[in-house]
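Asks: pasting the sequence and the predicted model now:
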Number of protein chains: 2
Amino acid sequence: MTIRRKGQSSYLVSNVGIMAGAAIGGPMEGQGPIGKYFDRIWEADTPKGSSFEQAERQLLQDAQDAVLEKSGVSWDAVDMVLGGDLLDQIVSTNFDARRHQRPLVGLFAACAVFTEAIGLGALLIEGGGPQKVLASAVSHHLSAERQFRFPIELGYQRAPTAAWTATAAGSVLLTSGIQDLSVSAVTFGRVIDYGLKDPNDMGSAMAPAAVDTIMTHLRDTGRAVSYYDKIFTGDLGKMGVKMAIELAKQDYHTDLTPELDDCGLHLYFIDKQDVHNGASGPGCSASVFSGFLFSQLFNAAWTRILLVSTGALFSPTTYQQGESIPCIAHAVAIERRQSS
Amino acid sequence: MTIRRKGQSSYLVSNVGIMAGAAIGGPMEGQGPIGKYFDRIWEADTPKGSSFEQAERQLLQDAQDAVLEKSGVSWDAVDMVLGGDLLDQIVSTNFDARRHQRPLVGLFAACAVFTEAIGLGALLIEGGGPQKVLASAVSHHLSAERQFRFPIELGYQRAPTAAWTATAAGSVLLTSGIQDLSVSAVTFGRVIDYGLKDPNDMGSAMAPAAVDTIMTHLRDTGRAVSYYDKIFTGDLGKMGVKMAIELAKQDYHTDLTPELDDCGLHLYFIDKQDVHNGASGPGCSASVFSGFLFSQLFNAAWTRILLVSTGALFSPTTYQQGESIPCIAHAVAIERRQSS
């Protein structure tokens, strides 16, 4: 029940369980290869009469409600809500908090916010602070596209390196004490910026940040790549994963294959569903973990994974002003309780 | 060295010191009544050749550099950087992190982000996690106005209830162990929304959230209003303070006068400098605390204050869509070491 510091970036914890995870997705996510692992798939991208932004908020609410129901825990028992989203002023997370009335700690780390929330929650619980923490992240394709790129009504052509922002939310309920799945380690990332400027190729921009956090985590904890059954980045996509593997080889003489995988490669049938580089958005790693990965761990396919959500920290303003894209990745190790 | 939980919202800590605080302000802030408490006043609103957004980032950098210099601590010794700003995707905080390369936990709570950062940092330190945490917040009048309202070049007329977003940054270095000033308690707020919709009257919108957090803090900790020499809200301004005092009387039969004061009432000569309701922005409570209030505590004018930064969690999009303004306030108690 004490946080063990490992270097300046990593922490080991031993008393942080995950009571349940829940994932909600849009129609396209339901048609993807892991559609059956979602707790619920919406029939339409937006509920009737709802704006894109209101739809995103509703996705988050549905994921939170589902995880509480699965855990048998009421809102009253939640000590703290941690999370974020991509919208300016994280309005999905903030407006959602009007109904639950729990202490809210709003976060922003772009698509890396899910592991930032889990990591913070794990340290707060282990340190004796809040003991039931709800960690969530959400994105919606339609609200993200019109904020960051173009309204989809324009029907513009997407770049081959562009990712598809997921219409999805994921939420986990963290608790002190033993559960089948637990958080065992946390590594907070630093900002890495290789000077790339193309908002339609964020996988390449984020790969160096992912590699930096993974290698820092392994060094801090003294774990080998093979300690993990899988290392899942958040949304590097096809290009980003290729680049991450190359970077780890060149800069660290480390082969991340076959462990390295990416949440963004699992959400859609990439070619058939025409999503180019893969899935992205805070809801990508949040929903892929809370549905598919949670299930794989729970059902003993794997014992240990490292989840490394990846975020591109630019804004439309910085892009228009010609700035490069700073990126970050935060890692959390999730383990299944081993039968003794 | 253990976090003591008080209710679901509040926590007592006993081993979190503040090594130093630093505040940087623009020319108008320098001409205000507490100008002399700033570590440095800029000669112009923006450095030569810098965009408004780059200027905001530079303000933050200057505050961080100043607090590290005053503490005699190098960047290498900082375990975690916590903070946020008002800009979309908190780009001031995120872009600043390119240079310092420390683990970054980005936050968004609008103008309440400074106490969200201090509160989180205090729990993380007390719980045995990071032991040196830099907590900061920044805003810039020119970048905020063009993002939230109109470009100031339009010369539009400001509403009498409108606040003046401060061009200012504040930063404190938190550490484990005894210092002259320490954090003794933290209360995280919930989102309160009374249905107000006017982005030119945020003091009125935020007052109920401030009162809710203050009353929750007093109830959780069993402290009377008079436990504190002063209770400083973040940026309620003239209207907001008046409303907060009325609300506390009506709903809680509690008289917050004479303890209640507001950072937004101190940064400018309100009438002479034509700022209408007072100062606002994440940089308001951050700089007023890190400069003026820190100095008052340090020099024994006061022994204990409760700092309650207040945030309006709307975005231009939610405003244009006719939504109301959800608000939040987070409280941290700061005490001076009593001579024994």
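Replies: Arrived safely. Please read these numbers as outputs of a predicted model, since none were measured by experiment.
Asks: from here on, contacts and neighbour counts on C-alpha atoms
Replies: Will do.
Asks: for the lengthiest strand in chain A, packing partners?
Replies: Selection of the longest strand in chain A by residue count, based on DSSP state E, yields strand A:10-25. With contacts taken as 3 or more CA pairs under 8 Å, 6 or more residues apart in numbering or on different chains; DSSP states H and E, strand A:10-25 sits against strand A:4-6, strand A:40-41, helix A:52-71, helix A:113-126, strand A:168-176, strand A:181-187, helix A:202-221, helix A:282-288.
Asks: contacts for the first one, please.
Replies: Right, strand A:4-6. Contact partners of strand A:4-6, identified using CA atoms under 8 Å, 6 or more residues apart in numbering or on different chains, comprise A:Tyr11, A:Leu12, A:Val13, A:Asp220, A:Thr221, B:Gly128, B:Gly129, B:Pro130.
Asks: try 7 Å this time
Replies: Around strand A:4-6, the neighbours that count as contacts under CA atoms under 7 Å, 6 or more residues apart in numbering or on different chains are A:Tyr11, A:Leu12, A:Val13, A:Asp220, A:Thr221, B:Gly129.
Asks: kindly report the same for the fifth one.
Replies: Outside of strand A:168-176, the residues within contact range by CA under 7 Å, 6+ apart are A:15-26, A:59-60, A:63-64, A:67, A:125, A:131-140, A:283-284, A:286-287, A:290.
Asks: how about the third one?
Replies: With contact meaning CA under 7 Å, 6+ apart, helix A:52-71 is reached by A:19-24, A:46-47, A:74, A:92, A:96, A:138-140, A:142-143, A:168-173.
Asks: re earlier: do you know which of the helices and strands packed on strand A:10-25 lies nearest A:Leu107?
Replies: Of all the helices and strands packed on strand A:10-25, it is helix A:113-126 that lies closest to A:Leu107, at 6.8 Å by CA to CA.
Asks: what is that closest one packed up against?
Replies: Counting contacts by 3 or more CA pairs under 7 Å, 6 or more residues apart in numbering or on different chains; DSSP states H and E, helix A:113-126 packs against strand A:10-25, strand A:80-85, strand A:132-139, helix A:282-288, strand A:304-312, strand A:327-336, helix B:113-126.
Asks: taking chain A, what residue is nearest to chain B?
Replies: With CA to the nearest CA, the shortest gap between chain A and chain B falls at A:Gly127, namely 3.7 Å.
Asks: what sits against the residue nearest to that residue when sequence neighbours are not counted?
Replies: Using CA to CA, 6 or more residues apart in numbering or on different chains and skipping residues adjacent in sequence, the residue nearest A:Gly127 is B:Gly127, 3.7 Å away. Residues near B:Gly127 by CA under 7 Å, 6+ apart: A:Gly127, A:Gly128, B:Thr2, B:Ile3.
Asks: could you check how far B:Gly127 is from B:Arg4?
Replies: 10 Å (CA to CA, to the nearest Å).
Asks: dump the helices and strands packed on strand A:10-25 into JSON lines; add mean neighbour count and mean pLDDT as well.
Replies: Shown next, in JSON lines, are these (neighbours: other CA atoms under 10 Å in any protein chain shown; pLDDT from 0 to 100):
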{"stretch": "strand A:4-6", "mean neighbour count": "18", "mean pLDDT": "97"}
{"stretch": "strand A:40-41", "mean neighbour count": "20", "mean pLDDT": "98"}
{"stretch": "helix A:52-71", "mean neighbour count": "22", "mean pLDDT": "98"}
{"stretch": "helix A:113-126", "mean neighbour count": "30", "mean pLDDT": "98"}
{"stretch": "strand A:168-176", "mean neighbour count": "30", "mean pLDDT": "98"}
{"stretch": "strand A:181-187", "mean neighbour count": "26", "mean pLDDT": "98"}
{"stretch": "helix A:202-221", "mean neighbour count": "24", "mean pLDDT": "97"}
{"stretch": "helix A:282-288", "mean neighbour count": "35", "mean pLDDT": "98"}
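Asks: B:Asp255 is nearest to which of these?
Replies: Nearest of the helices and strands packed on strand A:10-25 (CA to CA): helix A:113-126, 33.9 Å.
Asks: now tell me what touches the closest one from outside.
Replies: Counting by CA under 7 Å, 6+ apart, A:1-3, A:13, A:15-16, A:82-84, A:107, A:130-131, A:133, A:135-137, A:176, A:183, A:186, A:282, A:286, A:308-309, A:330-332, B:123-124, B:129 sit against helix A:113-126.
Asks: quick one: residues contacting A:His141.
Replies: Counted by CA under 7 Å, 6+ apart, A:His141 has contacts A:Thr165, A:Ala166, A:Thr167.
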